[in-house]
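Visitor: Got a predicted model here, sequence first, then my questions.
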Amino acid sequence: MIEGLTKKRFVDGKIRIALVYPGTLKEALSSLGFMIIYDILNRDEETVAHIFTVESPLSVEENLPLKAYDYILSSIHFEPRVTTLMQYLERMGIPLEREKREKPVYVGGPGVWNPLPLYRFADGVFLGDGEESLPSFLDVIHERKDIHLPGFYNLWSEKPTSFSYHDMSFMYRHLMSDETTYGRRPIFMEVNRGCHYACRFCLIGWAMRPPRERPLEDVYTILHHHVDRGGRKVVFVGSDVLSYPHIEEVIRDIIGMGLEVSVPSSRVERLDDPFFLRVLAKAGVRTLTIAPEAVDEGRKAFIAKPISNEKVLEIVEKAKWAGIKRIKLYFMIGYPNTTEEEVQKIIDLYRRVKNILPAEGTVSVFIPKPYTPFQFLPMERIDNTEKYVKLLRKETDLNVMHPKRAVLQALLSIGDKRIGDLLMKVYHNFNYHLWIRKARDMGIDIDSYLYQRDTPWLKIISTSMPASLQRKGFEVAL
């Protein structure tokens, strides 16, 4: 059962939107961003938005087919989901080329903030905060080829635009369900947006500046509303949750309500107080997630995340004292000039952590992101990265990303219209060898994107951080 679905029926709307999540219903009900979009759309008097997922050809609310709706919107959190969406639409009989399609397809989310690889597929891309751009978009949605708004890039007109930023005044109401990745009836709580830090690889840390905070009274209003609806656990959402100045107060009050808490990956700087760690343990946090990213001191300075290894170990010791049962770690490899010694240091730190508490972890491969200093940075050669991946898999139980998947993700992240042409040929299979073979047939030099690239998105999209500062961040790193 899903509580909070719109009561509007298909026939009630002048604007009828199929809101497609490119994943399972369980994943959709675990995505606060997706549910906020659903809330915004259905608050509009003339709009009816119904949910679709890849599991079904019919809407969740009325069991109507996708083709019945006039517009298709989708939220893409990371790049590979673009191909998932395209495969789904094809199965539903929706033409993928916008020139051949009557129904417009609009997308948004961090996975598509470089709109150029979508130029043949999507009609437009939302950039930044939907709370700011969606209401204005609904006023002009019927204009299709002539929509020009901040926070929206029209792939028909290709006129330059900018990201939109919301002040977090929107009081969202999300769906509630027992079928989520967080268990039964979670309350999703977003207390801030953006990040106080500026790690040079991080899209959110650069494109979504400045960080914004939700007023404390609004946090409690949202919390109590969802508690009254039977919420059982508060899941904090965001990249910098523990920087919220009232976070300990809010968590203590949640404990007082008899609810548990889940917090995302946290900066070590916010975990130095053992008594706060004890508060987290008392709130039901059993696994503490830390993202050192790098272990080598030079690499830490390079990525602008100078967290000492001894500090990580100190936090783990404090977590053990506080009652935390398990540690989860995030690392990243794949920067140019990565060495075996650097990778060995990851192995050594992971082993030292496991000597203190049970641990697990993930090693991702660096993927250049637009609007960040590292959009200018080459990736490491794939044969070198594969060698280090084999070492990590041999020496640890870390979950290591496959370098070839990282290459495909990078092409969608920092690609241009040529990659858009390639996408239309290979969307049906997210397979490295297929993509490389087809690119070769089309005369596309993949190496020019991975190791020495242009940044055409900077000519059409502006963020709150000027391109000159993005370039300066890269120069400082070097």
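Guide: Done, it's in. Since the model is a prediction, treat every value here as computed from it, not as a measurement. Numbering: from 1, shown residues only.
Visitor: Then residue 17 would be within a strand, right?
Guide: Yes - assigned with DSSP: H, G, I helix; E, B strand; the rest coil, residue 17 falls within a strand.
Visitor: is it true that it touches residue 68?
Guide: No - at 11.2 Å, residue 17 does not count as touching residue 68 under the criterion of Cβ atoms under 8 Å. Every C-beta, even on glycine, is put in place using the N, C-alpha and C of the backbone.
Visitor: Which one of these two is surrounded by more residues?
Guide: Remark: of residue 17 and residue 68, residue 17 carries more neighbours, 23 against 13, as counted by other Cβ atoms under 10 Å.
Visitor: Nearest residue to the more buried one in space, please, no chain neighbours.
Guide: In space, and not counting its chain neighbours, residue 17 is closest to residue 49: 4.3 Å by Cβ to Cβ, 6 or more residues apart in numbering.
Visitor: Roughly how far does the one you found sit from residue 34?
Guide: According to Cβ to Cβ, to the nearest Å, residue 49 and residue 34 sit 11 Å apart.
Visitor: residue contacts, residue 113?
Guide: Residues counted as contacts of residue 113 (Cβ atoms under 8 Å, 6 or more residues apart in numbering) are 125, 127, 163, 203, 207, 370, 371, 461.
Visitor: Neighbour-wise, give me the winner out of those.
Guide: Within those, most neighbours by other Cβ under 10 Å means residue 127, with 27 neighbours.
Visitor: In three-state terms, label the residue nearest the centre of the chain for me.
Guide: Centroid-nearest residue in the chain, with Cα atoms, centre = their mean: residue 77, separated by 4.2 Å. Following three-state DSSP, the label given to residue 77 is coil.
Visitor: Residue 32 is in contact with that one, correct?
Guide: No - counting by Cβ under 8 Å, residue 77 sits too far from residue 32 to count as a contact (10.9 Å).
Visitor: okay, and the common contacts of the two?
Guide: Listed as contacting both residue 77 and residue 32 by Cβ under 8 Å, 6+ apart is no residue at all.
Visitor: For the closest residue in space to residue 162 that isn't next to it in sequence, grab the count of nearby residues.
Guide: Distance criterion Cβ to Cβ, 6+ apart; nearest residue to residue 162, sequence neighbours excluded, is residue 462 at 4.5 Å. As a burial measure, residue 462 scores 17 neighbours (other Cβ under 10 Å).
Visitor: Let me know the pLDDT of residue 462.
Guide: Confidence at residue 462, expressed as pLDDT, is 97.
Visitor: tell me the contacts of it?
Guide: Contacts of residue 462 by Cβ under 8 Å, 6+ apart are 160, 161, 162, 163.
Visitor: Okay, it and residue 26: tell me how far apart.
Guide: Taking Cβ to Cβ, one finds residue 462 at 37 Å from residue 26.
Visitor: same thing with residue 280?
Guide: With Cβ to Cβ as the criterion, residue 280 and residue 26 are 26 Å apart.
Visitor: Counting neighbours around each, name which of the two comes out higher.
Guide: More neighbours surround residue 280 than the other of residue 280 and residue 26, with 24 against 14 (other Cβ under 10 Å).
Visitor: I'd assumed the more buried one was in a strand, is it?
Guide: No - read with three-state DSSP, residue 280 is helix and lies in no strand.
Visitor: Next step: the contacts of residue 113 restricted to strands.
Guide: Using DSSP state E, the subset of the contacts of residue 113 located in strands is 125, 461.
Visitor: so which of the contacts of residue 113 comes closest to residue 146?
Guide: Nearest to residue 146 among the contacts of residue 113 is residue 125, at 15.9 Å by Cβ to Cβ.
Visitor: Nearest spatial neighbour of the closest one, chain-adjacent residues omitted?
Guide: That would be residue 115: by Cβ to Cβ, 6+ apart, it lies 4.0 Å from residue 125.
Visitor: List the residues that contact the one you found.
Guide: For residue 115, the contact set (Cβ under 8 Å, 6+ apart) comprises 122, 125, 127, 153, 155, 457, 460, 461.
Visitor: Can you spell out the domain ranges of the chain, please?
Guide: 2-162, 182-376+458-477 (automatic domain parsing).
Visitor: Could you dump those into JSON lines and include distance to residue 173?
Guide: Formatted as JSON lines, the domains of the chain follow (distance: least, Cβ to Cβ, whole Å):
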{"stretch": "domain 2-162", "distance to residue 173": "6"}
{"stretch": "domain 182-376+458-477", "distance to residue 173": "7"}
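Visitor: can I get the CA coordinates of stretch 356-364 in CSV?
Guide: Presented in CSV, the C-alpha positions along stretch 356-364 are these (Å, rounded to 0.1, in the frame of the first residue of the first chain):
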residue,chain,number,x,y,z
ILE,A,356,38.7,-2.1,15.2
LEU,A,357,35.1,-2.7,13.9
PRO,A,358,33.5,-4.9,11.3
ALA,A,359,33.6,-3.0,8.0
GLU,A,360,32.6,-3.0,4.4
GLY,A,361,33.3,-0.5,1.6
THR,A,362,33.0,0.6,-2.0
VAL,A,363,35.7,1.8,-4.4
SER,A,364,34.4,3.9,-7.2
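Visitor: What residue, apart from its backbone neighbours, is nearest residue 317 spatially?
Guide: Nearest to residue 317 is residue 356, by Cβ to Cβ, 6+ apart, at 6.0 Å.
Visitor: mind checking how far that neighbour is from residue 395?
Guide: With distances taken as Cβ to Cβ, residue 356 is found 18 Å from residue 395.
Visitor: Could you do residue 227 as well?
Guide: For residue 227, the distance to residue 395 (Cβ to Cβ) stands at 46 Å.
Visitor: Let me know how buried residue 344 is, in neighbour terms.
Guide: Count around residue 344 with other Cβ under 10 Å applied: 16.
Visitor: How about it, nearest residue that isn't a chain neighbour?
Guide: With Cβ to Cβ, 6+ apart, the residue lying closest to residue 344 is residue 391, at 7.7 Å.
Visitor: How about the contacts made by the one you found?
Guide: Listed by Cβ under 8 Å, 6+ apart, the contact set of residue 391 reads 340, 343, 344, 347.
Visitor: just the buried members of these?
Guide: Burial by neighbour count, 16 or more other Cβ atoms under 10 Å: within the contacts of residue 391 this picks out 343, 344, 347.
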